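Student: quick one, fold the following:
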Amino acid sequence: MDYTKSTILLVPGALQTSACFDRLRPILEQAGFPTVAGALTSLNPSSPDDCTAAKDGRHLLDEFLLPLLDEGRDVLIFAHSFGGTCLSGADLGLSRSVRAGMGLTGGVIGLVYMSFIPTMDGHSQFRSFGSIWPDNIMTDHPRQGLVSFDRISDTLFNDVEKAQADRYAEVMRPHSMKVINTPVSKPLWQDSAFEGRRMVIRTMMDATFLPPLQDMLIKASGVAWKVVELKAG
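Tutor: Reported below is the predicted structural model:
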């Protein structure tokens, strides 16, 4: 495959399998952008209490991002929700500019996060949204230690027709409850090398993290973001 164009690493959020990107990937690849879809270890785990945000962040690095950089690829990261929250590496010099200064080829060229909850190093996403579970999240469901969404189609896919929403709902899975309530480690977006290279998509129809909450948390992140509004859930 031609790698002259940047590779796009797609990072799913909580409850999402990589199948959520099945319609997007062909569009990007037809435009010449190679894609790789990541995965979270905290998705429907056999032992949900063993999961942590730091483990997920490290897994995303070791299994998906670092191998791409080792190949010398330029990588644009598109992360949804908790995928962007837990993705770590702010202390590793992963940007293309820093790597070039070290004589290395390739690197992360930018971050695009959607439905994103900026969570500081050492804090949990649960703390970031006020230590209260949103009303549409069911805890200890469908079994102890897992969370799922009430009426997934209406909650997460409220911006598409019902038939399509139901298809996406079928590929969703329960998620570790503990992972949302454990500290993230060195989130990548806090790396100062990404000044001017961070974008957040403000989802105007988001039924879980309403736009005012998104605004508050983006402002509290303490770093600059290019904010793009999208009429989507």
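Student: mind listing the helices for this protein?
Tutor: Counting by DSSP state H, one finds helices in the chain at the ranges 24-30, 53-60, 66-70, 82-86, 96-101, 125-128, 152-156, 162-170, 177-180, 211-220.
Student: please work out which of these is packed deepest.
Tutor: helix 82-86 (a mean of 28; mean count of other C-beta atoms under 10 Å). C-beta: built from backbone N, CA, C; applies to glycine.
Student: distance from that one to the middle of the chain?
Tutor: 4 Å (C-alpha atoms, centre = their mean, to the nearest Å).
Student: please export the C-alpha coordinates of it as PDB.
Tutor: Taking Å, rounded to 0.1, in the frame of the first residue of the first chain, the C-alpha atoms of helix 82-86 are listed here in PDB:
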ATOM      1  CA  PHE A  82     -13.000   7.500  25.900                       C
ATOM      2  CA  GLY A  83     -10.600   6.400  23.200                       C
ATOM      3  CA  GLY A  84      -9.100  10.000  23.200                       C
ATOM      4  CA  THR A  85      -9.400  10.300  27.000                       C
ATOM      5  CA  CYS A  86      -7.200   7.300  27.700                       C
END
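Student: what packs against it?
Tutor: Here helix 82-86 touches helix 53-60, strand 107-114, helix 125-128, helix 177-180, going by 3 or more C-beta pairs under 8 Å, 6 or more residues apart in numbering; DSSP states H and E.
Student: ok, how many other residues are close to Ala193?
Tutor: 18 (other C-beta atoms under 10 Å).
Student: from Phe116, how far off is it?
Tutor: Distance, Ala193 to Phe116, by C-beta to C-beta, to the nearest Å: 19 Å.
Student: in this protein, which residue is most central in space?
Tutor: Gly83 (2.3 Å; C-alpha atoms, centre = their mean).
Student: excluding residues flanking it in the chain, which one is nearest that one?
Tutor: Distance criterion C-beta to C-beta, 6 or more residues apart in numbering; nearest residue to Gly83, sequence neighbours excluded, is Val11 at 3.5 Å.
Student: isn't the one you found right up against Phe21?
Tutor: No: using C-beta atoms under 8 Å, Val11 is not in contact with Phe21, being 9.5 Å away.
Student: I am finished for the moment; much appreciated.
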